[in-house]
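Chemist: give me a model of this one.
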Amino acid sequence: TSAAARSSQLHPAASQSARVEPTTMAAAAAADDDWDAAGWSWEDSAAADVEEEEGYSKEPKPEPDADSAISRPGPEATVLLVDCTAKMFETDADGDSLFQKSIRLIHKSLIDQMTRRSPDLVSIILFGTKQYNNVNDYDNIYVLNELDVPSTDMVAALERTVLAQAKFTDTIGWGEDAKLHDALWLCKKLYTQHGGKLSSRQILVMTTTDKPFSDKPGDQKLREVVLQRAADAKEERIEINVLPLCQDGQVFDVGAFYSDIISAPAPSPLVLSTDDDPRTEDVHLAQFKSKVLRRRPTMVVPFTLFNDGPRLGVRVYALRKSATKSSTVPMLAADQLPLGSKVRYVCSTTEKMIRPEELKSAVRYGAEWVVFSQDEVRRLKRLEGDDGSSRDVGLTLIGFKPRDRLKRHFNVKGAQFVYPDESVIRGSTKCFNALRDSCVRLKKVAVCRLIGSRSAEPRFVMLAPTTPGDGAPVGFHMVYLPYKDDMRKPQVKIEPCKTLPTDEQVAAVSDVIGKLTSSNFDSRKIHNPALARYNKMLETLAFDRDKYEPPEDETMIPESELMELAGPELTTAISTLFPDGYDAGSAPAKRKAGGGETSRAKKPKAASDFSNDEMKDKVKDGTWKKLTVPVLKAFCGQVGIKTTGLKKADLVAEIESWATTA
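Modeler: Presented below is the predicted three-dimensional model:
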């Protein structure tokens with residue numbers, strides 16, 4: 001099917017009305033229908049930590065060629081600049097200081113990065129200390145470690161030197177003079193000395209002082225020096241951010257000073273109160289993760305508006321990914337070094353080693369083998385033509401559809417999030433936002449073709465715009481669409497239910513469901529117990545801990561809590577659904593050796609004490625349900641009803657049916 005034919009199948013009016021110019025911004029979208037009202041939601045506020053890009057860069061970067069893909073980003077680097085002045089050591093009612101809280105945040109972050117096997121680099125610098133340790137011998141600045149991947153040595157040094165406040169006071173000590181300008185200079189020097197390729201470079205200032213300079217002439221001069229050092233860092237493409245630290249009820253006004261040096265827009269003054277969050281450290285942890293543990297894009301590709309339209313730079317993020325345990329690596333026991341592996345092919349008849357150029361690939365087609373050369377396999381994977389031409393890598397817009405045409409069962413693969421990348425192509429954010437606003441206003445979704453890499457198969461995707469007020473940033477949720485070959489119609493044979501539950505049983509179970517229904521449950525707030533236990537064991541062995549402390553299994557609900565919520569309802573439901581004397585905790589009875597007819601013949605049979613007329617009377621007044629299972633089975637055998645495999649509810653139903661027809 002040609003591209004023109006595919007476009008004709010799409011909504012023509014939507015394609016015309018939603019077309020935007022890259023230099024114009026669409027008007028803000030009005031109040032829209034709730035996206036969840038249609039019965040589904042691809043994502044909610046999980047993408048809230050995807051921060052908006054800085055904006056236009058001073059020097060324009062060359063746009064990538066049409067035949068080349070944009071390179072994937074490298075590791076990120078962060079220098080943690082921790083304030084160690086006296087104000088950071090003021091304790092709260094529990095005897096805890098902001099310095100201790102900040103070090104615990106860093107300690108947890110390093111452990112998390114080691115657990116995730118993150119390649120990102122981290123450096124820790126303390127400023128405002130009594131002692132000093134840096135290459136320039138600046139006073140009151142202590143470099144705890146250079147830029148490096150988190151390791152056991154880095155964490156052990158942090159625990160040994162800084163984590164315990166009493167030990168820190170004896171070895172390094174806190175001071176009164178915080179020379180922020182010298183600290184920024186050292187941070188810039190660290191990045192200059194690092195020769196590796198980095199996707200981003202950041203300086204995160206962790207402090208509780210929102211106004212480090214007074215109105216005195218001497219302090220104002222130092223303030224100008226700090227502003228100049230910050231400007232120099234930004235010219236080197238180094239981001240500067242601040243993590244406000246404050247005790248409960250305190251206010252940190254970012255606009256008092258730090259709004260002049262940070263790269264992101266200045267947020268509103270931070271106020272922490274126990275009325276909103278009983279644990280101040282949880283707020284700090286959430287802010288710390290949003291600035292340090294930022295999401296890494298899965299791909300950075302161009303976004304072409306139709307075949308010959310303008311091109312945008314976009315990043316694709318995976319907002320959901322199943323967390324897995326780290327894979328094991330074979331290691332030689334003697335020297336404990338990782339082992340590598342090599343694959344060699346040997347002819348089975350001549351035992352001659354086969355060179356790579358002598359290999360071919362084959363696919364079984366019926367009873368025959370279809371053979372491909374290595375070049376043909378490569379061209380098939382890349383969908384290359386006979387002339388060697390291949391399709392462009394990236395997203396290509398081909399049209400629009402009404403929003404209700406996007407169904408939940410279309411999601412054959414985990415949905416991803418598309419966000420503009422201003423650093424690749426200037427003007428991407430403005431044009432991207434105009435397209436998103438137009439889709440929201442017109443209630444449309446964009447249909448695109450995606451080729452993620454040279455060897456990736458082309459896929460059709462729908463871009464569902466985020467709506468105002470849903471907590472997600474400006475962008476699109478990218479939903480993968482199925483091909484015709486992916487659709488299946490399984491033949492499901494539905495067996496009719498032999499016995500339906502009684503109204504009493506349905507009411508009992510409904511009461512249990514009503515008592516145990518919770519609107520606060522969110523699986524995203526619960527850790528995987530198997531993964532947490534595995535990571536905790538790794539941490540214990542790696543750091544040679546004296547004792548293994550198993551993590552709490554948050555998936556288990558205590559029985560006392562369960563009975564407190566729905567104890568009477570559970571008791572009623574069990575007595576209604578199961579026979580008298582049923583014990584869920586007891587083990588099932590074992591069959592005796594030499595079973596069969598001989599064993600069954602030895603089982604005592606209960607005799608029925610009721611005649612047919614007496615049982616009919618009990619069915620009329622409803623008391624036959626209270627009879628025991630042996631009595632019910634004996635009566636069923638008396639009237640010729642088979643009882644094999646029937647539970648009490650089935651026996652009751654069979655007797656009721658007999659009474660109405662007899």
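Chemist: for Tyr548, which non-adjacent residue is closest in space?
Modeler: Using CB to CB, 6 or more residues apart in numbering and skipping residues adjacent in sequence, the residue nearest Tyr548 is Thr540, 4.6 Å away. (Glycine included, C-beta is placed from N, CA and C.)
Chemist: show me the contacts for the one you found.
Modeler: Taking CB atoms under 8 Å, 6 or more residues apart in numbering as the definition of contact, the neighbours of Thr540 are Lys547, Tyr548, Glu549.
Chemist: in strands, which of those appear?
Modeler: When strands are assigned by DSSP state E, not one member of the contacts of Thr540 lies inside them.
Chemist: which strand residues bridge Gly175?
Modeler: Beta-bridge pairing of Gly175, defined through DSSP bridges, involves Thr85.
Chemist: would you agree it is in contact with Gly128?
Modeler: Yes: Gly175 is within contact range of Gly128, at 5.5 Å (criterion: CB atoms under 8 Å).
Chemist: between those two, who's got more neighbours?
Modeler: Residue environment comparison for Gly175 versus Gly128 gives the larger neighbour count to Gly128, 25 against 18, counting by other CB atoms under 10 Å.
Chemist: can you give me the distance of the more buried one to Val143?
Modeler: Using CB to CB, to the nearest Å, one gets 13 Å for the distance from Gly128 to Val143.
Chemist: and Arg104, how many neighbours does it have?
Modeler: 15.
Chemist: who's in contact with the residue lying closest to Ile526 once chain neighbours are set aside?
Modeler: Distance criterion CB to CB, 6+ apart; nearest residue to Ile526, sequence neighbours excluded, is Glu554 at 4.7 Å. Counting by CB under 8 Å, 6+ apart, Glu554 makes contact with Ile526, His527, Pro529.
Chemist: now the contacts of Thr540: which count as buried?
Modeler: Of the members of the contacts of Thr540, none is counted as buried by neighbours, 16 or more other CB atoms under 10 Å.
Chemist: quick one: the helices in the stretch 301-450 of the chain, in order.
Modeler: In the stretch 301-450 of the chain, helices defined by DSSP state H, counting those that start in this stretch lie at 374-382, 428-442, listed in chain order.
Chemist: buried deepest among those, which one?
Modeler: helix 428-442 (a mean of 21; mean count of other CB atoms under 10 Å).
Chemist: how about that one as CSV, C-alpha atoms only?
Modeler: Coordinates of each C-alpha in helix 428-442 appear next as CSV, following Å, rounded to 0.1, in the frame of the first residue of the first chain:
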residue,chain,number,x,y,z
SER,A,428,11.5,21.7,18.3
THR,A,429,9.7,22.6,21.5
LYS,A,430,7.6,25.3,20.0
CYS,A,431,6.4,23.2,17.0
PHE,A,432,6.0,20.1,19.2
ASN,A,433,3.7,22.0,21.6
ALA,A,434,1.7,23.5,18.8
LEU,A,435,1.1,20.0,17.4
ARG,A,436,0.1,18.6,20.8
ASP,A,437,-2.2,21.6,21.6
SER,A,438,-4.0,21.2,18.3
CYS,A,439,-4.5,17.5,18.8
VAL,A,440,-6.0,18.2,22.3
ARG,A,441,-8.3,20.9,20.9
LEU,A,442,-9.5,18.8,18.0
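Chemist: and for Gly175 and Gly128, which residues touch both?
Modeler: Cys84, Thr85, Asn140.
Chemist: closest to Ala653 among those?
Modeler: For the shared contacts of Gly175 and Gly128, the closest approach to Ala653 (CB to CB) belongs to Cys84, at 76.2 Å.
Chemist: quick check: phi and psi on Leu243?
Modeler: Its backbone dihedrals place Leu243 at phi -110, psi 100, with angles given as degrees, to the nearest 10.
Chemist: with Val254 instead?
Modeler: The phi and psi torsions at Val254 (degrees, to the nearest 10) take the values phi -60, psi -30.
Chemist: returning to what we had before: closest to Val251 out of the helices of the stretch 301-450 of the chain?
Modeler: Judged by CB to CB, the one of the helices of the stretch 301-450 of the chain that comes nearest to Val251 is helix 428-442, at 32.1 Å.
Chemist: give the rounded mean pLDDT of that closest one.
Modeler: When the per-residue pLDDT values of helix 428-442 are averaged, the result is 90.
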